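Chemist: model this:
(chains A and B)
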Amino acid sequence: MTDIALHAGNGLDVGSLIQEGRVHSAIYTDPAIFELELRRIFYKTWIYIGHESEVPKRGDYQVRLIGRQQVIMVRGTDEKVRVLMNRCRHRGAVVCERATGNVKFFRCVYHGWMYDTTGKLIGVTGREAYGPDFKPETMGLTPAPRQDNYRGFVFASLSPEGESLRDFLGKAAEMIDFLVDASPVGQIAVDAGVSKTIYTGNWKLVGMDGYHPNYVHASVVDAWKRDADSGMGATHREDPFDDKAESRTRDLGNGHAMLDMRKQRMKHYPVYEGFVRGIPGGEEYVKTMLEKHGEERGKLLIALAGDPHVGVFPNMQIINNQIRIMNPLAPDRTEVNMYAVRLMGVTDDFNAVRLRQHESFYGPAGAGSPDDAEIFERAQMGMLADVNPWVEISRGMNREVKDEDGTIVGLITDEVTQRGQARKWRELMTQAN
Amino acid sequence: MTIPDYAVLREAEEFLYREAELADDHRFDEWLALWTKEALYWVPCNEEDVDPRKKISVIYEDWKKIDERVYRLKGRHAHAQAPRSRLARVISNVRLGDYEQATGGTVTSRFVLGEVRRDTQSVWLAKQRHVLVRVDGELRMKEKWVYFINNDSPMTNLTFLV
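Modeler: Numbering: from 1, shown residues only, chains lettered A, B, ... in the order given. Okay, the predicted model is just below:
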């Protein structure tokens, strides 16, 4: 353990771990810093919980994590979707023991207390044992202090105060739109299953990196070259991860970052449109999208295929056909859950192509995710050698520019995204608990 | 309960053992050659039975994708298999379903798969179902379905052949 571990939270200047173009490896390896991250980041800021379409019917619920705290996202009898702490108000046991399902009530089996799906306490066994000071109406399941929703994406914050969700999302909101608006009816259903993976490394290693694909995913790049007209091949024509490409890294502010493929995809739009038209229902899809959104926006939506490739700080991403959550379990242990999406208003064939693309690259047996996890594990192992503890993230500092909209943009291999995330990390970690 | 002809069962079993051995030993080309060109390699995810048109799987591949998987594994850049997993699987509970010696059919079984990679030993447990067909006198696989009983939990690296 480094000296920093001994001092973290004990007068150490955590901010000094993030410097111009480099970060200290203790932010990945140090248990005390991990604990501080939970308090100062995960229990403070907005955290993505799930999508409303994951609880379509009354009583449908999903248990999710904010840091290590369990919350229940549940649709109540009043149709409202709430985020409630999964903790009985009596002795603290979880009231919901399954990851997903449908209930009429949450019943704590410890002593039989019951809550309805709005969180209200509706049953206390042996009620007469409590006097007049016991107010059941104040003893419901505790809601997350703040909750809001952007286009069906439910976020919660354990801090009663802070900026609004809309302000927090900032420019990331319009990136979420690229997924939702890829549906011709502007609706998605996050009901296509989840690829759950786990690796022995820090949660921040998932990052957002345009530099790694040609190395970490060299085996996939080779396979694409073998079959350039396959779905993934068609969206990755003419190496999009080469600095000569039109792809860009973009720091959206507030820790949100993206690999901005818009121009690159538009450059190859005709070929990709041909691929889309070839899917049963594809002709209709192209026609509807162009009619609904006009030529310019319509083509862009088709080209991006619902993939803004954006990371919403701290632990949510929208990539390919998935909404991804990285759950920090320990400094060196992270769960990555990839929730696959179906577009509403398209044929099953159309969605099936998207689901097959997802499987082919992502998940525990995919061609991509396991190689990512492998390199995260190697980084975690390597960073324990901290005689020289600095991790370099300066690539492209000499050539990044501020775009008209205030975002910082670099070439695709530049570490603009890492610097944006590190800046936000530093801001939050240097605030009081 | 009908007891299958032992020789018929043995031949199907022998195929499963052979397939397991080739997968365990990373003999990719020989493993690939067990497949017919009309192929479905299916490892469901989250549940035992899902509608692949509406849900993702861990693996849902036709011959072309299986070939691509083998191509990547054989290449120099399959990092998650560098070093390779050391594998030993034990197949048991082999039962013939709708199966004829002359044409083949469905064979179900279960397996315990031990894996060691980078000093960590893991145990994988699964039910599997093969659809075998007889081609030029030899059994080949047309479908292979593997249900890992932890397929709704966070899974580690599953990039070896299962």
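Chemist: those helices in the stretch 101-250 of chain A, which residues are they?
Modeler: A:165-169, A:172-180, A:213-216, A:218-226, A:231-235 (DSSP state H, counting those that start in this stretch).
Chemist: ok, of those helices, where does mean pLDDT dip lowest?
Modeler: Taking the mean pLDDT of each of those, the lowest value is held by helix A:231-235, a mean of 58.
Chemist: how about the helices of the stretch 101-250 of chain A, which one is nearest chain B?
Modeler: Nearest to chain B among the helices of the stretch 101-250 of chain A is helix A:218-226 (3.7 Å), distances taken as CB to the nearest CB. In short, each C-beta sits where N, CA and C put it, glycine included.
Chemist: which strands and helices sit next to that closest one?
Modeler: Where contact means 3 or more CB pairs under 8 Å, 6 or more residues apart in numbering or on different chains; DSSP states H and E, helix A:218-226 is packed against helix A:213-216, helix A:231-235, helix B:63-74.
Chemist: starting at the chain centroid, how far to the first one?
Modeler: This means helix A:213-216. 22 Å (CA atoms, centre = their mean, to the nearest Å).
Chemist: Is that helix positioned near chain B?
Modeler: Yes: remark: helix A:213-216 sits within contact range of chain B at residue A:216, by CB under 8 Å from any CB of the partner chain.
Chemist: buried residues in that helix?
Modeler: For helix A:213-216, burial by neighbour count (16 or more other CB atoms under 10 Å in any protein chain shown) applies to A:213, A:216.
Chemist: Just the CA atoms of it, as PDB, please.
Modeler: C-alpha atoms of helix A:213-216 as PDB (Å, rounded to 0.1, in the frame of the first residue of the first chain):
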ATOM      1  CA  PRO A 213      -9.000  -0.200 -30.500                       C
ATOM      2  CA  ASN A 214      -6.200  -0.900 -32.900                       C
ATOM      3  CA  TYR A 215      -4.200  -2.600 -30.200                       C
ATOM      4  CA  VAL A 216      -6.600  -4.100 -27.700                       C
END
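Chemist: Flag every residue of the stretch 151-300 of chain A that's near chain B.
Modeler: So the stretch 151-300 of chain A meets chain B at A:191-199, A:216-220, A:222-223, A:226-227 (CB under 8 Å from any CB).
Chemist: Buried ones from those residues, can you make that a ChimeraX selection?
Modeler: This is how ChimeraX selects the buried members of those, with burial counted by 16+ other CB under 10 Å:
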select /A:192,193,194,195,196,197,198,199,216,217,218,219,220,223,227
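Chemist: was I right about residue A:218 contacting residue B:72?
Modeler: No: if you go by CB atoms under 8 Å, residue A:218 and residue B:72 don't touch, sitting 9.6 Å apart.
Chemist: Tell me the helix or strand right after the helix ranked longest in chain B.
Modeler: For chain B, the longest helix by residue count, based on DSSP state H, is helix B:6-24. Scanning forward in sequence from helix B:6-24 by DSSP states H and E, the next helix or strand is helix B:28-32.
Chemist: what about that following helix, average pLDDT?
Modeler: If you average the pLDDT over helix B:28-32, you get 98.
Chemist: check whether it contacts chain A.
Modeler: No: interface with chain A: helix B:28-32 contributes nothing (CB under 8 Å from any CB), its closest point being 13.1 Å away.
Chemist: Check which helices and strands that helix sits against.
Modeler: Using 3+ CB pairs under 8 Å, 6+ apart: helix B:28-32 touches helix B:6-24, helix B:63-74.
Chemist: residue in the stretch 51-200 of chain A nearest to chain B?
Modeler: Closest to chain B within the stretch 51-200 of chain A is residue A:198: 3.7 Å, counting by CB to the nearest CB.
Chemist: Now do the same for the nearest residue to residue A:354 once chain neighbours are set aside: its pLDDT.
Modeler: Nearest residue to residue A:354 in three dimensions, chain neighbours excluded: residue A:321, at 4.5 Å (CB to CB, 6 or more residues apart in numbering or on different chains). Model confidence at residue A:321, given as pLDDT, is 97.
Chemist: I'd say residue A:321 and residue A:357 touch.
Modeler: Yes: if you go by CB under 8 Å, residue A:321 and residue A:357 touch, sitting 6.4 Å apart.
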